[in-house]
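S.K.: Got a sequence here, can you model it:
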Amino acid sequence: MTALNGSEPTRALPLADVRIIAIEQYGAGPFGSMHLADLGAEVIKIEDPSAKGDIGRYVPPFQVGEDNLFFESLNRNKRSISLDLSSAAGRDVFEDLVRSSDVVFSNMRGDVPAKMRIRYEDLRDLNPTIVCCSLSGFGTTGPRAAEPGYDYIIQGLAGWMDVTGEPDGPPSKSGLSLVDWSGGYVAAMSILVGLHVARRDGQGSDCDVSLFDNAISLLTYLATWNLSADYQPKRTRHSAHPSIVPFQNFQTSDGWIVVGCAKDHFWTKLVEAIGLPELAENDDYATLAERYTHRDEVLAILEERFLQRTKAEWLPLLALSGVPSAPVNSIAEALQDPQVAARHLIAETDHPSFGRVLQIVSAVRVGEPMPTAGRFRRAPRRNEDADYVLGSVLGYDEDHVTSLSDKGAFGATPASEPTQDPPLGYFA
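M.R.: Here you go, the predicted model:
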């Protein structure tokens, strides 16, 4: 690989020797595989021609035909081929891909991988080291295995909504699709572990990843408190931490800030910064445990004080004192934070429909900083990479491709209006 400045060779990207077949769509699956693609893996996205490809291509707004900015945000650096896996000829192509790949990754209902014959036991004779990762709503076992699972649904089912929002308001979802995004990360981690084992032991495996499992696992200490001490978590005022005081949003005279005193010495710094040093001498507020016991008194004092000045007045004082604090930003404000640019978190790609597209890159960091220029490609058009996959990867000649096409391997109809009912029960 040539260095960006042309002076010396640079190291290959960490996953440049990995090929992943991705039978994926919509959110969680594409998000997970995109991080692996950002790290250099070749991700070949198989799209069902009868369903007009990934349903994520048709999510409004910012839509031009089959192009939209939702799909761009989850599918950069990938390749696409239309392949009808329900046809014998399409299956033949898929099996040839399995022979030359490292991973088969899918995100469908938990009962679908067995029906599609894409588990390790189905593919091991083709490639003994293949890693077969299924990311589903509820996993491949249990009473909910055949149920569709969506982020919103699982946020409710897993208890997240019950602890989100104001105490006197309705249960609320996170402002982000955190079940999907964290589930994608867990799937990517599972794939990397599976690859490590396959290369160490010469044997592949299944990775049975579930959005529900992931959401339950993220309950962490709230679950431990409930299971071990019958603690009943509940929503807190102004997004307060359930036990650390103060650690929450505070309203100033012109907006909101978030302040956290996770250690006792931060409390001392806080009360000095806001001009109430006498609070540091009050034994009732001296420790985390005491402030938890007297939380109503502590918060009443702080809330009254913070209302007396603006965000722009309070935040420099808190920062100067070393108190963990920040403005409660809008998305637009967050993206303008200088740390975003300093950490090279925004990638630029060129798109035929949208022109210059800016999006957030993977937060995964390995070794020395990786180059950004030239490393990010826009998301593929549907079936855009058929020639590459069939010719360069599989070595098919024109006659063989024609024969496969005649047998329905790549679908029977050209691209047209999207359908909202993909086959085989894709869950998300």
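
S.K.: Going by C-alpha atoms from here, please, whenever you check contacts or count neighbours.
M.R.: OK.

S.K.: Which residue ranges of the stretch 101-250 of the chain form helices?
M.R.: Ranges of helices in the stretch 101-250 of the chain, per DSSP state H, counting those that start in this stretch, are 112-116, 120-123, 151-157, 178-201, 211-217, 220-229.

S.K.: Low-confidence stretches in the stretch 51-200 of the chain?
M.R.: Of all residues in the stretch 51-200 of the chain, none has pLDDT under 70.

S.K.: Let me see the ranges of the strands in it.
M.R.: Listed in chain order, the strands of the stretch 51-200 of the chain (DSSP state E, counting those that start in this stretch) span residues 63-64, 67-68, 78-82, 103-106, 131-136.

S.K.: Please name the residues that touch residue 378.
M.R.: 72, 75, 76, 77, 349, 350, 351 (CA atoms under 8 Å, 6 or more residues apart in numbering).

S.K.: helix/strand/coil for it?
M.R.: Secondary structure assignment for residue 378 (DSSP: H, G, I helix; E, B strand; the rest coil): coil.

S.K.: Kindly provide the distance from it to residue 75.
M.R.: 8 Å (CA to CA, to the nearest Å).

S.K.: Also residue 377?
M.R.: In terms of CA to CA, residue 377 sits 9 Å off from residue 75.

S.K.: In terms of neighbours, single out the busier of the two.
M.R.: residue 75 (29 against 18; other CA atoms under 10 Å).

S.K.: I'd like the distance from the more buried one to residue 53, if you could.
M.R.: Residue 75 is 13 Å from residue 53, by CA to CA.

S.K.: Surely residue 22 is in contact with residue 45?
M.R.: Yes - the criterion here is CA atoms under 8 Å, and residue 22 meets it with residue 45 at 4.7 Å.

S.K.: These two: which has the busier surroundings?
M.R.: residue 45 (29 against 23).

S.K.: Neighbouring strands - and their directions - for the strand or helix carrying the more buried one?
M.R.: Using DSSP states H and E, residue 45 maps to strand 42-47. Strand 42-47 has the following strand partners under DSSP bridges: strand 19-23 (parallel), strand 78-82 (parallel).

S.K.: any idea how far it is from the chain center?
M.R.: How far strand 42-47 lies from its chain's middle: 18 Å, per CA atoms, centre = their mean, to the nearest Å.

S.K.: residues in contact with that strand?
M.R.: The contact list for strand 42-47, computed with CA under 8 Å, 6+ apart, reads 16, 18-24, 33-34, 36-37, 53-54, 77-84, 382-383.

S.K.: between the strands of the stretch 51-200 of the chain, which gets nearest to residue 196?
M.R.: strand 131-136 (9.9 Å; CA to CA).

S.K.: Going along the chain, name the strands of the stretch 201-350 of the chain.
M.R.: Under DSSP E, counting those that start in this stretch, the stretch 201-350 of the chain gives strands at 205-210, 247-252, 255-260, 325-327, 346-351.

S.K.: Now do the last one, average pLDDT.
M.R.: The average of the pLDDT scores along strand 346-351 is 92.

S.K.: Can you name every helix or strand that it contacts?
M.R.: strand 355-360 (3 or more CA pairs under 8 Å, 6 or more residues apart in numbering; DSSP states H and E).

S.K.: Show me which residues of the strand it packs on are buried.
M.R.: residue 357 (16 or more other CA atoms under 10 Å).

S.K.: mean confidence score for whichever helix or strand comes after it?
M.R.: With elements assigned by DSSP H and E, the helix or strand that comes after strand 355-360 is helix 386-387. The average pLDDT within helix 386-387 is 96.

S.K.: Now find how far off-centre helix 386-387 is within its chain.
M.R.: With CA atoms, centre = their mean, you get 28 Å for helix 386-387.

S.K.: Against which helices or strands is it packed?
M.R.: By 3+ CA pairs under 8 Å, 6+ apart, helix 386-387 packs against strand 78-82.

S.K.: how about a cut-off of 6 Å?
M.R.: If you count contacts as 3 or more CA pairs under 6 Å, 6 or more residues apart in numbering; DSSP states H and E, helix 386-387 packs onto no helix or strand.

S.K.: Can you mark which positions in whichever helix or strand comes after it are buried?
M.R.: Downstream of helix 386-387, the first helix or strand assigned by DSSP H and E is helix 398-406. Neighbour-count burial for helix 398-406 flags 401, 404, 405 (criterion: 16+ other CA under 10 Å).

S.K.: go on, stretch 242-261?
M.R.: 242, 244-252, 256-261.

S.K.: same deal with stretch 49-67?
M.R.: Buried-residue list, stretch 49-67, by 16+ other CA under 10 Å: 49-58, 63, 66-67.

S.K.: got the end-to-end distance for that stretch?
M.R.: Chord length of stretch 49-67, first to last residue, is 16 Å (CA to CA).

S.K.: residues making contact with it?
M.R.: Residues outside stretch 49-67 that contact it (CA atoms under 6 Å, 6 or more residues apart in numbering): 25, 26, 47, 68, 69, 71, 82, 411, 418, 422.

S.K.: so what sits against both of residue 377 and residue 75?
M.R.: With CA under 6 Å, 6+ apart as the test, residue 377 and residue 75 reach no residue in common.

S.K.: ok so, going back, show me which of the buried residues of stretch 242-261 is closest to residue 235.
M.R.: Out of the buried residues of stretch 242-261, the member with the shortest distance to residue 235 (by CA to CA) is residue 242, at 8.4 Å.

S.K.: For the closest one, which non-adjacent residue is closest in space?
M.R.: residue 236 (6.9 Å; CA to CA, 6 or more residues apart in numbering).

S.K.: Quickly note the distance from that neighbour to residue 70.
M.R.: For residue 236, the distance to residue 70 - CA to CA - is 32 Å.
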